[in-house]
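Q: Structural data only, the sequence is not supplied:
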């Protein structure tokens, strides 16, 4: 019922494009690039610091899904988290998972010293779909220089990401995000 004081060590794995866009247990669509994770029992959402015990890299992630459903696994993180923690190629690693206080300084959301420079609107396995969306956003914004499509090679195929930026500061990012939402592009997320 509560995540207060939760600390556990165990094996983490990751999940990727096969689940892209599918609803998580919390109802949010799964995004391989968001800092999210699946846990069997922590309340949804819970913010946790995940530390890779092999290389000591750590980051804060949001538990918004249930799993992993493989015996002996503690946590399933998004592919993006696995990359940042340095175990995407290995597939699994030993981690420490510590629940953090949402009001605490470890919470990355809304932190004034965290600068965002762009928004990711969507990611597709089809370059045509990505280019079509990028073109639609360019028409709405009236600015062709801010919208780009970038490719990322993944273990299960290439992903085409539609991004808007760079933008001057967090305020500009939020203003742009509001503008995109108003034009029915609701999935825009800030990126560092």
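A: Done, it's in. Bear in mind the structure is a predicted one, so any value in this text is a computation, not a measurement.

Q: Secondary structure element holding residue 48?
A: strand 46-52 (DSSP states H and E).

Q: Could you do residue 139 as well?
A: helix 127-141.

Q: partner strands of the strand holding residue 48, parallel or antiparallel?
A: When pairs are called by DSSP bridges, strand 46-52 turns out to pair with strand 58-65 (antiparallel), strand 92-99 (antiparallel).

Q: If you average the pLDDT over the first one, what comes out?
A: To tie it back to what came earlier, the one meant is strand 58-65. For strand 58-65, mean pLDDT is 90.

Q: contacts for it?
A: Here strand 58-65 makes contact (Cβ atoms under 8 Å, 6 or more residues apart in numbering) with 24-26, 28, 30, 34-39, 42, 44-52, 76-78, 81, 84-85, 100, 106-108. All C-beta spots, glycine's among them, are computed from the backbone N, C-alpha and C.

Q: Of these, just the buried ones, PyMOL syntax please.
A: Per 16 or more other Cβ atoms under 10 Å, the buried members of the contacts of strand 58-65 correspond to this PyMOL selection:
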select buried, resi 24+30+34+35+36+37+38+39+42+44+45+46+47+48+49+50+51+52+76+77+78+81+84+85+100
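
Q: Inside strands: which ones of the contacts of strand 58-65?
A: Under the assignment DSSP state E, those contribute 36-38, 46-52, 76-78 to strands.

Q: which stretches of the chain aren't confidently modelled?
A: Of all residues in the chain, those with pLDDT under 70 make up the ranges 101-117, 154-155, 186-187, 189-192.

Q: residues of stretch 153-168 that come out buried?
A: Quick answer for stretch 153-168 (16+ other Cβ under 10 Å): 154, 159-165, 167.

Q: actually stretch 138-157, not the one I wrote
A: Here stretch 138-157 shows 138, 141, 146-149, 154 as buried, counting by 16+ other Cβ under 10 Å.

Q: Leaving out sequence neighbours, find the closest residue to the spatially most central residue of the chain.
A: Centroid-nearest residue in the chain: residue 34, 0.3 Å away (criterion: Cα atoms, centre = their mean). For residue 34, ignoring the flanking residues on the chain, the nearest one in space by Cβ to Cβ, 6 or more residues apart in numbering is residue 78 at 5.9 Å.

Q: Contacts only, for that neighbour.
A: Taking Cβ under 8 Å, 6+ apart, one finds 14-16, 30-37, 61 in contact with residue 78.

Q: Could you save the residues you listed as CSV and add columns showing distance to residue 123?
A: Below are those laid out as CSV (distance: Cβ to Cβ, whole Å):
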residue, distance to residue 123
14, 16
15, 15
16, 11
30, 11
31, 7
32, 7
33, 7
34, 10
35, 15
36, 14
37, 19
61, 18
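
Q: distance of residue 11 from residue 123?
A: Remark: distance between residue 11 and residue 123 (Cβ to Cβ, to the nearest Å) = 27 Å.

Q: All good on my end, thank you.
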